[in-house]
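>>> Generate coordinates for the sequence data below:
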Amino acid sequence: MEGGLLVLISRKKIIGSFVGTAVLLVGLFLFAVNTGSLKVTPVELFRGLFVAYNENVATIFDLRFPRIFIAMFGGAVMAVSGVLLQAVLKNPLADPGIIGISSGASLVAVLITAFFPALYFFTPLFAFLGGMLAFFLVYSLSWKGGLSPLRIILVGVAVNAMFSGLMSAFNSGTGSNYSGVASIVNANITMKTWSDLQTLLLYGLVGLIASFFVLGQCNLLALEDKTARSLGVNVNRSRIMISVIAVLLAGIATAVIGPISFLGLIVPHIARLLVGSNHKILVPYTILLGAFTLLLADTVGRTIAAPYEISASVIMSVVGGPFFIILLRRSRQSYGQ
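Here you go, the predicted model:
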């Protein structure tokens, strides 16, 4: 009886979290649409989109909608990447930005954008290769008779600094003459267009769909390796498969929105507090919460110093830095071997 009551309470908490976050996301979307000099009511927005032409709505549709949708979908993709990395590395501090995956993907995306603009549509694939290179460096340099979560973070910070330095040096050396390069380096989504959203959606949906096929394996990897193997799981193959999907997601998002640090760290932790650690529930909720989080960061950046703007990556760094320190202090005894 008591166990059934706990299950019912947990189920209500999960449903409440999904519904509450969805409502907040819709409210934030409407607020973001009206953030700026042009403002419309929800009724005017609906009529302008679906009933009759409205010049203000058309302007908002062309200028704000791509940015809003890119922030939402990019946040969802990056957050899921963080969940998968934490599962495969058994490291609660893993994040694509912290361990260098985003910076490796960014560097390759910058080079492709600068020197091979005709290949722009394939930039996410090249960014994925850059992310895989960074992940391989971190994984191999961290291996010392096993993987220490703290050692992964330390090596990842070094790899991240190296790739970020190369990227900034290239951007400075070219005098920031390439607007596409600058937008990736600075994680600036101000001038993103519908074509950018199309690219993000095409590759991002592939990565997200692939992630749903490994949710059961993510749950099994939470067990000890010996226990997982006794259940018939090929642990090494599962780790490789999940890692590839995680890096693919991070590379896709980074190629379009630039490196956003701490998003893949903060969102999964908050999501676990609200819906638990079952990845079959955690990942769908992370998609919702990730979309809300990056859109919130972008909206705050647009309003806090208006008419000037602060990049969403800066907002996430300001919030994520203290969050990371708190997590590091709490997990040092458990994970810092």
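>>> quick one: low-confidence ranges for the stretch 1-150 of the chain?
Within the stretch 1-150 of the chain, the set of residues satisfying pLDDT under 70 comprises 1-9, 145-149.
>>> Just the helices from it, written as ranges.
Using DSSP state H, counting those that start in this stretch, the helices of the stretch 1-150 of the chain run over 2-33, 42-50, 55-63, 65-89, 101-115, 123-142, 149-173.
>>> which stretch among the ones you listed comes nearest A253?
helix 65-89 (4.4 Å; Cβ to Cβ). All C-beta atoms are positioned from the backbone trio N, CA, C, and that covers glycine.
>>> quick one: that closest one to chain centroid distance?
3 Å (Cα atoms, centre = their mean, to the nearest Å).
>>> Can you name every helix or strand that it contacts?
helix 2-33, helix 194-212, helix 215-221, helix 235-257, helix 263-275, helix 279-303 (3 or more Cβ pairs under 8 Å, 6 or more residues apart in numbering; DSSP states H and E).
>>> How about the fourth one, which residues are buried there?
Going back to what we said before, that points to helix 235-257. Under the neighbour-count criterion of 16 or more other Cβ atoms under 10 Å, helix 235-257 has 235, 238-239, 241-257 buried.
>>> go on, the shortest one?
Within helix 215-221, the residues that qualify as buried are L215, Q217, C218, N219, L220, L221, counting by 16+ other Cβ under 10 Å.
>>> how close does the third one sit to L248?
Okay, so that is C218. According to Cβ to Cβ, to the nearest Å, C218 stands 15 Å off from L248.
>>> How about G100?
Applying Cβ to Cβ to G100 and L248 gives a distance of 16 Å.
>>> D225 - nearest residue in space that isn't next to it in sequence?
V235 (5.2 Å; Cβ to Cβ, 6 or more residues apart in numbering).
>>> next one: G301
I310 (4.0 Å).
>>> so who does that neighbour touch?
V300, G301, I304 (Cβ atoms under 8 Å, 6 or more residues apart in numbering).
>>> Among those residues, which one lies nearest to R64?
For the contacts of I310, the nearest to R64 is G301 (13.8 Å; Cβ to Cβ).
>>> contacting residues for that closest one?
E309, I310, S311, A312, V314, I315.
>>> Do I have it right that A94 meets I152?
Yes: using Cβ atoms under 8 Å, A94 is in contact with I152, at 7.0 Å.
>>> what separates I99 from I153, distance-wise?
7 Å.
>>> So which of the two has more stuff around it?
I99 (31 against 23; other Cβ atoms under 10 Å).
>>> which residue sits closest to the more buried one, ignoring its sequence neighbours?
Closest to I99 by Cβ to Cβ, 6+ apart is G156, at 2.9 Å.
>>> Around the one you found, how many other residues sit close by?
Count around G156 with other Cβ under 10 Å applied: 29.
>>> Next, work out how far apart it and M162 are.
11 Å.
>>> Identify the contacts common to the two.
With Cβ under 8 Å, 6+ apart as the test, G156 and M162 both reach G100.
>>> Most neighbours among the contacts of G301, please name it.
Of the contacts of G301, with other Cβ under 10 Å as the count, A312 tops at 30 neighbours.
>>> That residue against I189, yeah?
Yes: using Cβ under 8 Å, A312 is in contact with I189, at 6.8 Å.
>>> Go ahead and confirm A246 touches A79.
No: contact criterion Cβ under 8 Å: A246 and A79 do not qualify, at 11.2 Å.
>>> Contacts only, for G104.
With Cβ under 8 Å, 6+ apart, G104 has these contacts: G130, G131, M132, L133, A134, F135, L137, V159, F163.
>>> swap the cut-off to 6 Å and go again
Residues near G104 by Cβ atoms under 6 Å, 6 or more residues apart in numbering: G130, G131, L133, A134, F163.
>>> same question, D196
Counting by Cβ under 6 Å, 6+ apart, the residues that D196 touches are V256.
>>> again, only this time at 10 Å
When the contact criterion is Cβ atoms under 10 Å, 6 or more residues apart in numbering, the partners of D196 are P66, R67, F69, I70, G74, Y120, G180, S183, I189, A255, V256, I257.
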